[in-house]
Every structure is written in C-alpha cells, then in structure tokens.
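1. Here you go, sequence then predicted model.
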Amino acid sequence: MLIKVFGSAVFGVEATTITVEVNIDKGIGYHLVGLPDNAIKESSYRIAAALKNTGYQLPGKKITINMAPADMRKEGSAYDLTLAIGILAASGQIKANDVGDYIIMGELSLDGSLQPIKGVLPIAIKAKEEGFKGFFLPKENVREAAIVSGLDVYGIENLTEVIEFFEGKSTLEPTVINTREEFYKTLDFPEFDFSDVKGQESIKRCMEIAAAGGHNIILIGPPGAGKTMLAKRLPSILPPMTLHEALETTKIHSVAGKLKDVGLMNQRPFRSPHHTISNVALVGGGSFPQPGEISMAHNGVLFLDELPEFKRDVLEVMRQPLEDREVTISRSKFTITYPSSFMLVASMNPSPSGYFNDPDVPSASSPHEIQRYLSKISGPLLDRIDIHIEVTPVPFEKLSDTQKAESSKEIRERVIKAREIQTKRFESNKSIHYNAQMNTKHIQEFCKLDSTSLQLLKTAMERLNLSARAYDRILKVSRTIADLENAENIEPHHISEAIQYRSLDREGWLG
C-alpha cells in the first residue's frame, strides 16, 4: 500500500515541502531513498523502538520510502515523526485518510515522546502558502509556529497523540497566538538604559546619530572609559522593530534553533561574539550552511569588542556583507543567501598598553607601537565604518554626580522622528529604509551641498587624504545630523560635525 505524508526542509531562511512516499510490499527490507543524511538513515532504529513502546510495530515486510524531490539533500532528525506516521498508515495499523492535509515534523525519542526541532517558522509560513490544513510539531516549538495565522498548529508531546487524532479517538486544540499583542507586549522595556551612563555626552550624541541613521560606529579609548557600557545600551535607543522586521529576525533565529519557547522576537538582537570566533561562525557556513553571527544580528547590533584582537581574515570576510547587507554562501550543488542588515559597533584600545600616547601614563605605548597595533585593522574595513569616535575616561566630578542623565526613552523619541523623515524620503524604494543604506545615486539626490559646505568638505578630503568611500560616509552622516535637526538641507555645521567623527583619518591622531 502506498501512502504520501508531508514534511519540510529548510534551505537558508526558506522552506521547501518534502513529500514522503511510503510503500509496503511483499518481501523483507527497509529502503530509504531521496538523498537522506546519516541522521535520517538512523531514524529506522528510533522509529522501531518508538512504535514498539507505544503498542505498534515496524512491519516485517519490504518498506520503501522515497523523500521527494529526490535530488535535494535532506538533513536532521526532524523527519522521524513524518516517517513513523507514513509507515503506520501504509501498513494499515492506523486509519489516516486525511494525513495528506497536514505537515508533520518531529524528532522521536525511543519512548515515543518528541524532541524540539529547528526552523519551524519558515515551515509554517510555507505550509500556509501551499494550503495545508495544519502542522503537527513538538510542543516546545508550538509558540514559534503559531505566529502564522490561518494555519492550525498542534503542539504534541508524543506519537500517541498524533495517532489518536487521525483515528478520531481524541481531538487536539490548535495553539493560537495574537501576533500583534505578542509583538507589542515588551516593546518599551529595555534591559539597559542610557540614564546609567555618567558623563560622556559627546559619545551619547554619536550613538544617537548612529542609531538615527543606522550607521556603523567604532569607539576608541583606554580601558574603563565606558566603551562596552555604551555599546550595550545602543539597542535601547534604536526604533522599535516593525512587524515585518520581527518576523524576518525570528525566522533566522528559528533556522538556527536559538528560540526557546518564544513566539515572536520583539527586541532587536544584540550579538557580541568573542574575538576567537572563526570566519565561518561569523558569516555562516558549514557543509550544510547555517546562519552566522552577522545574520543572527540582522535588524539589530553586532558588537565586536577589542576589534584588533580578532583575526584579520575574520574581519575581512565582513567587507561584502557590510556593503550588500546579505551574505551568500555557495556550495557545489546549491547557494544560500542569508540577510545580514546589522549595525556594526566596534570598540578598541588605542594601543597594546590600552592608553593613548600620553607622557603622564608610564605604561603608554610609543607612536610606532600604536601605529603597528592599529594596522591590524585594514583601511577598507575602517572605510566601511561611518563614525570613529574617541572615548576618554570620565572625570571624578561626573562619576560622583547624583543627577540622573538623559534616559534612553528620551533619546529614542528623537531617533524615531529622524527615522520617520528617512522612511518618508525612501518610501518609493523598498530596499532602503535609512540613510546608512543609501547608494551613490541616493547620495547625489538627497545630499546636495551649498558652495560653503562643498569647500569645507574639499579641504577636509585633501588634508586627511580620505577615500571616495569615506567621502560618501561623511555625506550620509551629515544627512542624518540634518534629519535630527529636522533640516531640509545639509548645512556647513552638519558637514563639520560629520568630519569630526572620522578620528582614525585625522592627521596627528597618533600624537
């Protein structure tokens, strides 16, 4: 007897429906075809034990299972439940006439209980698109999949529950989540707040500009100056995610298996990998590619602490994703693209000793040592960072001041207003949402300068020997500063402020 049941495979952040054809005939043997990996091949042992421990059995006949499309590689243990239900239905041990109306996924334990799986959100979205009636999956993943409305999502604990549902012996209640309610629930309660930061008003201003325009930023300063503290508070002033951004971000974390009983992600991600990270872990990859840290930071912040301590080849692989806001991983038989539109926030000491070239500090490094230390970061990578800012230690008077600083909520309100101006500006272009994403064409259109501003920028370019990319970055930052002031045109003081934020380009910065 031939039975067709349906599962799903995830490639990148998109799912593809897999038809599992189970045929039982005379003879003996268990034949599994359709490019399964080792985890799927081993499923026969898990299925046999799970069936026996729930009162059923693996039929002693010739079982042929094809996973179509047969030329697409399938991986993981998430097909255990799909195969088990197919075998039971094909052998006549259960009656499941409407089994083809559902997507069935889950990893089986030997006692018939289910273990959580990865990538259920893209699977649920695809199931709805293709008109499936419902989706059976492990209970731990149910909130993640229930984000998708118009699809009955059943969270199950064991194999018996699915069997009894198809045989009509029991009913299951689909899990329903109000996506909008879930999205707005904890939107305005950031963990870290800028009111905790004493002093550093100029750095907070930089952070506000970076957040308003989505600009990459690098903080340079001695140990204890507050670089990490400031970076961790950046997400608290970023505009709230839109529902579309939240779904996009949740989908990536779902594929990576990083969601723990969470429905919709409504806080922007903040990723802070250690400096020993490999280039594959940072950008994604592997024999069966998984998203890396830059994709996990999509629509959020990627914080690289102690930037020169990262391996040079690891930093260099970020060049293309920083420009294109996506990373493409190619293998011999397929290509996967992961989105990676993130804000890069980096911090570093100015020298190996951690201090500037300061005669008052006995352990300060020489200009030559500082130059050698900074050369660990390539010019092309620094060009892609819009704002370079020096962070100096906070004086005692500021540290001991009991007056409360400006809160993240107040700063965020100004950032949101600036972003609204940018949204209106780029409403005709679906791929651009804020100033940092502008290309050359948009810069020419929206960053026009008067003669005074043009002369000021020309002088800065010649004196600092800036690249064409740095020229673009200055114009983008100037446009953001103008947006924060609700100014229609870029004015000379906007340009001069933006030029100040190119510390590593300034002559004499090394002392």
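-> Structure's in. What do you need?
2. Could you use CA atoms for every contact and neighbour count after this?
-> Fine.
3. which residue ranges form the helices in the stretch 251-400 of the chain?
-> For the stretch 251-400 of the chain, applying DSSP state H, counting those that start in this stretch gives helices covering 279-283, 293-296, 312-316, 319-324, 367-374, 379-383, 396-399.
4. what comes into contact with the third one?
-> Around helix 312-316, the neighbours that count as contacts under C-alpha atoms under 8 Å, 6 or more residues apart in numbering are Ile277, Ser278, Asn279, Leu282, Lys376, Ile377, Ser378, Leu381.
5. Same check on the second one?
-> The set of residues that contact helix 293-296 without belonging to it, under C-alpha under 8 Å, 6+ apart, is 249, 252-253, 269, 271, 273, 281-284, 302, 326, 338-342.
6. For the contacts of helix 312-316, which ChimeraX command selects only the ones that are buried?
-> Applying 16 or more other C-alpha atoms under 10 Å to these, the buried members can be selected in ChimeraX as follows:
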select :278,279,282,377
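7. which residue sits closest to Gly112, ignoring its sequence neighbours?
-> Once flanking residues are discounted, Gly112 sits nearest to Ala50: 4.4 Å by C-alpha to C-alpha, 6 or more residues apart in numbering.
8. domain ranges for this protein?
-> For the chain, automatic domain parsing gives the domain ranges 2-177, 194-505.
9. which residue is nearest the middle of the chain?
-> Met296 (2.6 Å; C-alpha atoms, centre = their mean).
10. from the contacts of helix 293-296, which ones fall inside strands?
-> Those of the contacts of helix 293-296 mapping onto strands are Arg271, Gly284, Leu302, Glu326, Tyr338, Pro339, per DSSP state E.
11. which residues of the stretch 401-511 of the chain score low on pLDDT?
-> Low-confidence segments of the stretch 401-511 of the chain (pLDDT under 70): 505-511.
12. For the residue lying closest to Phe310 once chain neighbours are set aside, which residues are in contact?
-> The shortest distance from Phe310 to any non-neighbouring residue, by C-alpha to C-alpha, 6+ apart, is to His275 (4.7 Å). His275 makes contact with Leu304, Asp305, Glu306, Leu307, Glu309, Phe310, Lys311 under the criterion C-alpha under 8 Å, 6+ apart.
13. what do you get for Val255?
-> Val255 makes contacts with Val10, Gly12, Val13, Lys118, Gly119, Val120, Leu121, Pro122, Gln290, Pro291, as judged by C-alpha under 8 Å, 6+ apart.
14. before we move on, which element is Met207 in?
-> helix 201-213 (DSSP states H and E).
15. for the helix or strand that that helix is followed by, packing partners?
-> Along the chain past helix 201-213, the next helix or strand (assigned with DSSP H and E) turns out to be strand 217-220. Applying 3 or more C-alpha pairs under 8 Å, 6 or more residues apart in numbering; DSSP states H and E, we find strand 217-220 packed against strand 343-348, strand 387-390.
16. could those go into JSON lines alongside mean neighbour count?
-> Formatted as JSON lines, those follow (neighbours: other C-alpha atoms under 10 Å):
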{"stretch": "strand 343-348", "mean neighbour count": "24"}
{"stretch": "strand 387-390", "mean neighbour count": "24"}
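17. can I get these in JSON lines with distance to Leu454 and mean pLDDT?
-> JSON lines is the format used below for those (distance: least, C-alpha to C-alpha, whole Å; pLDDT from 0 to 100):
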{"stretch": "strand 343-348", "distance to Leu454": "28", "mean pLDDT": "94"}
{"stretch": "strand 387-390", "distance to Leu454": "20", "mean pLDDT": "90"}
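18. is it possible to export these to TSV including distance to Glu144?
-> Below are those laid out as TSV (distance: least, C-alpha to C-alpha, whole Å):
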stretch	distance to Glu144
strand 343-348	26
strand 387-390	37
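19. Out of the ones you listed, flag the one nearest Ile177.
-> Evaluated over these, closeness to Ile177 peaks at strand 343-348, with 30.4 Å, by C-alpha to C-alpha.
20. CA atoms of that closest one as PDB?
-> Provided in PDB are the C-alpha atoms of strand 343-348 (Å, rounded to 0.1, in the frame of the first residue of the first chain):
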ATOM      1  CA  MET A 343      24.600  47.900  12.700                       C
ATOM      2  CA  LEU A 344      28.300  47.200  13.400                       C
ATOM      3  CA  VAL A 345      29.500  48.600  16.800                       C
ATOM      4  CA  ALA A 346      33.200  48.000  17.400                       C
ATOM      5  CA  SER A 347      35.400  49.100  20.300                       C
ATOM      6  CA  MET A 348      39.200  49.000  20.700                       C
END
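21. in the stretch 101-250 of the chain, which spans are helices?
-> 120-129, 142-145, 159-166, 179-184, 201-213, 227-232, 243-255.
22. Which other helices and strands does the longest strand anywhere in the chain contact?
-> The longest strand of the chain (DSSP E) is strand 14-25. Using 3+ C-alpha pairs under 8 Å, 6+ apart, the elements in contact with strand 14-25 are strand 2-11, strand 62-68, helix 80-90, helix 120-129.
23. how far away is Ser407 from Ser236?
-> 10 Å (C-alpha to C-alpha, to the nearest Å).
24. Quick check: neighbours shared by the two?
-> Asp193, Phe194.
25. neighbour-wise, which of these two wins?
-> Ser236 (23 against 15; other C-alpha atoms under 10 Å).
26. any idea how far Met296 is from that one?
-> Ser236 is 18 Å from Met296, by C-alpha to C-alpha.
27. next one: Leu81
-> Counting by C-alpha to C-alpha, the separation of Leu81 from Met296 is 29 Å.
28. same question, Met72
-> 26 Å.
29. What of Thr440?
-> 28 Å.
30. And for Ala460?
-> On the measure of C-alpha to C-alpha, Ala460 and Met296 end up 37 Å apart.
31. Low-confidence regions, the chain specifically.
-> Ranges of the chain meeting pLDDT under 70: 182-190, 261, 356-364, 399-400, 505-511.
32. Just give the closest residue to Gln422, not the sequence neighbours.
-> Excluding the flanking residues, the one nearest Gln422 by C-alpha to C-alpha, 6+ apart is Tyr434, at 5.5 Å.
33. thinking that neighbour is in contact with Gly214, fair?
-> Yes - contact criterion C-alpha atoms under 8 Å: Tyr434 and Gly214 qualify, at 6.5 Å.
34. between the two, who's got more neighbours?
-> Gly214 (27 against 23).
35. Name the SS class of the residue lying closest to the more buried one once chain neighbours are set aside, please.
-> Leaving out its chain neighbours, the residue that sits closest to Gly214 by C-alpha to C-alpha, 6+ apart is Ala436, at 5.4 Å. Under DSSP: H, G, I helix; E, B strand; the rest coil, Ala436 falls in the helix class.
36. which residues does Ala436 contact?
-> Gly213, Gly214, His215, Lys476, Val477.
37. Point out the one among the helices of the stretch 101-250 of the chain that comes closest to Ser347.
-> Comparing those under C-alpha to C-alpha, the one sitting nearest is helix 227-232, at 6.4 Å.
38. So Asp450 versus Arg469, what's the distance?
-> In terms of C-alpha to C-alpha, Asp450 sits 20 Å off from Arg469.
39. When those two are compared, which one has more neighbours?
-> More crowded of Asp450 and Arg469, by other C-alpha under 10 Å: Arg469, with 14 against 11.
40. and the nearest residue to that one once chain neighbours are set aside, how many neighbours?
-> Leaving aside its sequence neighbours, Arg469 sits nearest to Asp383 (C-alpha to C-alpha, 6+ apart; 6.2 Å). By the criterion of other C-alpha under 10 Å, Asp383 has 22 neighbours.
41. Does Asp383 touch Asp472 like I think?
-> No - Asp383 is beyond contact range of Asp472, at 9.7 Å (criterion: C-alpha under 8 Å).
42. In contact with Lys376, which residues are there?
-> With C-alpha under 8 Å, 6+ apart, Lys376 has these contacts: Pro308, Arg312.
43. Start the count at 579 instead of 1 going forward.
-> Shifting the count to begin at 579 puts that one at Lys954.
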